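Engineer: Below: sequence and its predicted model.
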Amino acid sequence: MNFTAKDVAALREKTGVGMMECKKALAAADGDMDKAVDILREKGLAAAVKKAGRIAAEGVAFATVSECGKVAVVIEVNAETDFVAKNAEFQAFVKTCADTVIHENPADVETLLACTAYGSDQTVDALLKEKILTIGENIKIRRFARYEGAVTAYVHGGGRIGVIASFDTSDDIAATDGFKAYAHNVAMQIAALNPEFLDEASVPEERKEHEKAILTQQIVDEGKPAAIAEKIVAGRLSKFFKEICLTDQQYVQDSKLTVQQYTDSVAKELGGSIKITAFTRFEKGEGLEKREENFADEIAKLVK
């Protein structure tokens, strides 16, 4: 044996891989530390492939703004368990991914994986595979969004929901504490009420027509006179828009205002104009298949 217990410990410290795996790698590398690292990395690739089929529906939705305050990113990275999602190493990886999106502006997840990770000499893909090996769970970068300009970011529930929003306003207004507080409040509104669209104009015509048809049928079924049906549909459609459109929603911190009215009041107070231009809200695991396991069975597996 051309290595010692100290060598095994050093390799574990360097790679974060378990002691037995490190011992096997050193044995296969005849004690060569660098070669052992390569072996573990190669195994990491194999481990990533093996774990790729496992359900990863936990994780975090993380949102952040660049140091210059001009770029906002929201990203969802999934893991298999909520326990791992709270792991400091996992969270640091998520932040690295977000920082890479900020600085590299990749077009999609595939492009992001090919980017050199921010603050590293490895690609995001290589770093991802290492984390799968060291953490021991399937990890997936699912999606991200990125805005530039006057922006804000908000994370709710320790990463359950991540929100970013962008605004059209002057640099002078964007730099004020008043605007920053306003933007934060809008982001919290998005997190809380989950609007589907920015405003009525953003709702696709087919969605409007579909909803109109449903409402019309409801009125027919209720036996309302045809003469007033159109007015009733218009009223219910307006209520529908107030539920799904951000600017039409009732502002959660002041029920007397809509979000648009709140925006206008802040703009007037700050002496300029403000327009919400876009937003993205990610909720971790939404739409993904959840892993369902009996807790007793899970403990039994660990004991075995």
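Structural biologist: Sure, I can see it.
Engineer: And the helices in the stretch 51-200 of the chain, which stretches?
Structural biologist: Applying DSSP state H, counting those that start in this stretch to the stretch 51-200 of the chain gives helices spanning 82-85, 88-104, 109-114, 124-135, 171-174, 177-193.
Engineer: Tell me where the stretch 151-300 of the chain has strands.
Structural biologist: 161-168, 275-283 (DSSP state E, counting those that start in this stretch).
Engineer: Adjacent strands (with direction) for the first one?
Structural biologist: So that's strand 161-168. Using DSSP bridges, the strands paired with strand 161-168 are strand 150-156 (antiparallel), strand 275-283 (antiparallel).
Engineer: Serialize those strands to TSV and add fields for mean pLDDT and distance to A165.
Structural biologist: The C-beta positions use only the backbone N, C-alpha and C, and glycine is treated the same way. Shown next, in TSV, are these (pLDDT from 0 to 100; distance: least, Cβ to Cβ, whole Å):
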stretch	mean pLDDT	distance to A165
strand 150-156	98	5
strand 275-283	98	4
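Engineer: ranking those by burial, who's on top?
Structural biologist: strand 150-156 (a mean of 22; mean count of other Cβ atoms under 10 Å).
Engineer: Tell me where the model's unsure across the stretch 1-150 of the chain.
Structural biologist: Scanning the stretch 1-150 of the chain for pLDDT under 70 picks out 1, 13, 15-17, 44-57.
Engineer: gap between the two ends of stretch 197-216?
Structural biologist: 23 Å (Cα to Cα, to the nearest Å).
Engineer: Over to stretch 170-186?
Structural biologist: End-to-end distance for stretch 170-186, by Cα to Cα: 18 Å.
Engineer: How far does that stretch sit from its chain's centre?
Structural biologist: Averaging C-alpha positions (Cα atoms, centre = their mean, to the nearest Å) puts stretch 170-186 23 Å from its chain's average.
Engineer: what's the answer for stretch 128-144, then?
Structural biologist: 15 Å.
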